[in-house]
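[1] Need coordinates for the below:
(chains A and B)
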Amino acid sequence: MREYRTLGLRLMVICLVAAMALAGVNALTAPTIEAQKKATANAARLELIAGADDFLEAVEMSRFAEKYPDVKNAYTAVDAAGNVVGYTVDLNSNGFGGAIEMGVGILADGSISGMRIYAHTESEGIGSKASEPEFYNEFAGITDVSAVQTISGATVTSNAVIKGVNIAQEFASECGSVLQDADAQIAAVDPYEDVLGGYLDEAGIRHIYVRGEGFGGEIIMLFNMNESGSYTGFEMVEHNETAGFGAKAADPDFASQFEGASSPFTINAISGATITSTEVQTAADLAAAFNAEKGAQLPSSFELPTDDGGDAEETTEVDENAVSATAKGFGGDVTVHVTFNADGTISGVTADLAKETTGIGSMAGEEDFLNQFIGLTNADGVDTISGATYSSAAVIEAVNSACANFNGN
Amino acid sequence: MKESTKKAGLGKVFMNGVITENPTFRLVLGTCPTLATTVSLINGFSMGVATMFVLVGSNVVISMLKNFIPDKVRIPAYVVVIASFVTIVQMVMQAYFLDLYNALGVFIPLIVVNCIILARAESFAGKTENSVGASAVDGLGMGVGFTLALSLMGAFREIIGSGTLLGNPILGEGFAANAFKIFASPAGGFFTFGLFLALFNFVFSKIDAKKKKA
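    Reported below is the predicted structural model:
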């Protein structure tokens, strides 16, 4: 017993002395290390706002997390006299290969003073060009990011960076002045973001359109409600749900349960269509809340924003074994002409890419790319062309819709 | 008389670390930092010096404490001493040699697990027959040997792999632009290490053969 006490005690003495020695060295070096770290960090920020004297870290960044989830950090740049010069905003934007970590300097007048990309996983030689001076220097000194030329062949990456800069601008203009004020709160996210709008008819019924994310994509629902908060009707305006399951939400049987129901109302879920049902429930609650708060202010007429057909592909002609289909590419519509074998496999594809960029998007019209479809029954498994993502994705999409149409007939 | 034998003994202890039992090329200890940090002369040299500081410091302290440290817990006690010196090196480098600190990165804290240091503590400094002075000289000798080995490898890899020495293009700009880049990469570390090991083994086998004849 005594031996163990000695062992422990001696080891403790050694540790104690070591800890004291380390504390001493730490006390000597810590101020220098701190100053070094700050200088290193400020050197990166000086790239964004040249001429700033010091950068003050924002307090309580979590205040902004809900509205600006991509903004990681922000600093207030001040000059020697302590006047605010501008702000640096560090944020992530989703590019082609993943998150692009970038920093943006915004001057007090809202103009951009600099942009740098710190880390990215974009394609080497294509998207990676966004981190080169030729691209990032475009941002310096401008206020309107729409003037920035995207990098030819790296549209997705460029757009992600531009979007990031735009977010940084919005963030700086909304939150810049309160970065150092821990108590100031910013306006929360609009709770009615998914309410598309609505109108008040002569009978005083509020027609409220709500969008949701169903199993098969976006769904648009219409809830009719009266002043007292009861539902008078429900309609599934647009959906792409599975027939026999989610699509049942569009049946009159389903809609009828809303008639006369007072909110809050728990809907009878459709068996086998959990996602659709949950979405309808969420939308119903949202419509009720919207009705209670803003129902009386609805205008007397409302038109649903029409889908601009951005992604909607149309199939134009079907003859016995050839189908043409169109999808939206980079420069305009891309039309493909697909021929099929008797067994439903693709025997050939030609594409009209007249509106795509020559040398880039036009690659999606070359045999190397199009021959990949031969022998397949759909376009899944064909990869987009690096640098011509939009154009090749449009061809793939159009081929897919041609296949779907061929099989449907 | 007594004084001179002691000096000769210390000289032998020192040269033992530098040549006869060179930690890198003869004992093949501490290969991890050897391979990783020898991309340039300055990196290899700094790593060697940092390790030497820890070696000498821990050897001296452990030798002083060898009667205080109970045998049963000597390894944890050694590790505490070594880790303290490594932390001191780390903090000092971060404060005053930031470029080197960034270049050597994670390999500075990893000096803790460099087996040369624990090996010297265990096999030399912790032995009752070795005095504090002898332990210091042993640490210094081993440290110099390690530093020389790393500097040699660093210089070789920098010249062949980057065409520079201490950042200067000594073989001309043309060579620097088209250097054997693989020697600056981790794979080149293995190549270089193998070449040097072969060279040392060759030289020492010749010496041994001569000794046998004589």
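[2] Next secondary structure element downstream of the worst-scoring helix or strand of chain B on mean pLDDT?
    When each helix and strand of chain B is scored by mean pLDDT, DSSP states H and E, helix B:2-15 comes last, with a mean of 64. Using DSSP states H and E, the helix or strand that follows helix B:2-15 in sequence is helix B:31-37.
[3] Can you name the residue of the stretch 101-250 of chain A nearest chain B?
    Per Cβ to the nearest Cβ, A:Y118 is where the stretch 101-250 of chain A lies closest to chain B, at 16.1 Å. C-beta coordinates here come from the backbone N, C-alpha and C atoms, glycine included.
[4] how near is that residue to A:L91?
    Applying Cβ to Cβ, to the nearest Å, the value for A:Y118 to A:L91 is 10 Å.
[5] Likewise for A:N405?
    For A:N405, the distance to A:L91 - Cβ to Cβ - is 42 Å.
[6] who has more neighbours, those two?
    Using other Cβ atoms under 10 Å in any protein chain shown, the more surrounded residue of A:N405 and A:L91 is A:L91, with 23 against 19.
[7] tell me the contacts of A:Y231?
    A:Y231 makes contact with A:223-225, A:258-263, A:265, A:284, A:288, according to Cβ atoms under 8 Å, 6 or more residues apart in numbering or on different chains.
[8] So A:H337, which state does it fall into?
    Following DSSP: H, G, I helix; E, B strand; the rest coil, A:H337 is assigned to strand.
[9] dump the residue contacts of it.
    A:322-324, A:349-352.
[10] pLDDT added to those, as TSV?
    TSV is the format used below for these (pLDDT from 0 to 100):
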residue	pLDDT
A:A322	83
A:V323	84
A:S324	86
A:V349	89
A:T350	87
A:A351	88
A:D352	85
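[11] out of the residues you listed, who has the most neighbours?
    A:V323 (27 neighbours).
[12] for the contacts of A:H337, which one is nearest chain B?
    A:A351 (42.2 Å).
[13] secondary structure class for that closest one?
    Secondary structure, three-state DSSP: A:A351 is strand.
[14] Look up how far A:A243 lies from it.
    31 Å.
[15] Was I right to think B:G143 contacts B:V56?
    Yes. Between B:G143 and B:V56 there is a contact under Cβ atoms under 8 Å: 6.1 Å.
[16] So between the two, which is more surrounded?
    Ranked by neighbour count (other Cβ under 10 Å), B:G143 and B:V56 place B:G143 first, with 26 against 21.
[17] Need the three-state assignment for the more buried one.
    Secondary structure, three-state DSSP: B:G143 is helix.
[18] Span of stretch A:139-150 from start to end?
    Length of stretch A:139-150, first residue to last, Cα to Cα, to the nearest Å: 11 Å.
[19] burial count for residue 43?
    I'll assume chain A. Neighbour count of A:A43, defined by other Cβ under 10 Å: 9.
[20] wrong chain, I was asking about chain B
    Residues near B:N43, counting by other Cβ under 10 Å: 22.
[21] try A:N291
    Using other Cβ under 10 Å, A:N291 is surrounded by 25 other residues.
[22] buried residues in the helix or strand harbouring it?
    According to DSSP H and E, A:N291 maps onto helix A:274-294. In terms of neighbour count (16 or more other Cβ atoms under 10 Å in any protein chain shown), helix A:274-294 has its buried residues at A:275-277, A:279-281, A:283-291.
[23] so which of these comes closest to chain B?
    For the buried residues of helix A:274-294, the nearest to chain B is A:I275 (46.2 Å; Cβ to the nearest Cβ).
[24] quick one on the thing from earlier: tell me the least confident of the buried residues of helix A:274-294?
    When the buried residues of helix A:274-294 are compared on pLDDT, A:I275 comes out lowest, with 80.
[25] Just the pLDDT at the spatially closest residue to that residue that is not a sequence neighbour, thanks.
    Ranked by Cβ to Cβ, 6 or more residues apart in numbering or on different chains and with sequence neighbours excluded, the top spatial neighbour of A:I275 is A:F215, at 4.4 Å. Here, the pLDDT recorded for A:F215 equals 77.
[26] and what of B:N16?
    Looking at B:N16, its pLDDT reads 82.
[27] Tell me the buried residues in whichever strand or helix holds the residue of the stretch 101-250 of chain A closest to chain B?
    Using DSSP H and E, A:Y118 maps to strand A:112-119. In terms of neighbour count (16+ other Cβ under 10 Å), strand A:112-119 has its buried residues at A:112-117.
[28] can you check stretch B:113-123 too?
    Using 16+ other Cβ under 10 Å as the burial criterion, the residues of stretch B:113-123 that qualify are B:114, B:116-118, B:120-121.
[29] Sort out which of those are in helices and list them.
    With DSSP state H as the criterion, helices contain B:116-118, B:120 from among these.
[30] coming back round to it: considering the buried residues of stretch B:113-123, which is situated nearest to chain A?
    B:A121 (13.1 Å).
[31] any weak-confidence spans in chain A?
    By pLDDT under 70, the weakly predicted segments of chain A are A:184-189, A:306-320, A:409.
[32] All the strands of it, in order from the start?
    Under the criterion DSSP state E, chain A contains strands at A:54-57, A:71-78, A:84-94, A:99-107, A:112-119, A:195-200, A:206-213, A:218-225, A:231-238, A:314-318, A:322-328, A:333-340, A:346-352.
[33] and the gap between the residue nearest the centre of chain B and B:V112?
    Nearest to the mean C-alpha position of chain B, counting by Cα atoms, centre = their mean, stands B:F146 at 2.3 Å. According to Cβ to Cβ, B:F146 and B:V112 sit 15 Å apart.
[34] who in chain B is up against chain A?
    B:65, B:68-70, B:72-73, B:76-77, B:80-81, B:83-84, B:87-88, B:91-92, B:94-96, B:98 (Cβ under 8 Å from any Cβ of the partner chain).
[35] Just the buried residues of the residues you listed.
    Taking 16+ other Cβ under 10 Å as the criterion, what is buried in the residues of chain B next to chain A is B:65, B:69-70, B:73, B:77, B:80-81, B:83-84, B:87-88, B:91-92, B:94-95, B:98.
[36] Determine the longest helix present in the chain.
    Assuming you mean chain A. Per DSSP H, chain A has its longest helix at helix A:2-48.
[37] um, chain B though
    In chain B, assigned by DSSP H, the helix with the most residues is helix B:186-213.
[38] Give the rounded mean pLDDT of that helix.
    88.
[39] Could you pull out the buried residues of it?
    Buried-residue list, helix B:186-213, by 16+ other Cβ under 10 Å: B:188-189, B:191-193, B:196, B:200.
[40] what separates it from the chain centre, distance-wise?
    17 Å (Cα atoms, centre = their mean, to the nearest Å).
[41] same question, stretch B:72-82
    Centroid separation for stretch B:72-82 versus its chain: 21 Å, with Cα atoms, centre = their mean.
[42] and what of stretch B:71-89?
    18 Å.
[43] ditto for stretch A:166-186
    The answer for stretch A:166-186 is 21 Å, by Cα atoms, centre = their mean.
[44] Now do the contacts for the closest residue to chain B within the stretch 301-409 of chain A.
    Using Cβ to the nearest Cβ, the closest approach of the stretch 301-409 of chain A to chain B is made by A:S386 at 25.6 Å. A:S386 makes contact with A:123, A:126 under the criterion Cβ under 8 Å, 6+ apart.
[45] Next, find the distance separating it from A:G95.
    Noted for A:S386: a distance of 13 Å to A:G95, by Cβ to Cβ.
[46] In contact with the closest residue to A:P299 other than its chain neighbours, which residues?
    Closest residue to A:P299 apart from its sequence neighbours, by Cβ to Cβ, 6+ apart: A:Y199 at 5.8 Å. By Cβ under 8 Å, 6+ apart, the residues touching A:Y199 are A:206-207, A:298-302.
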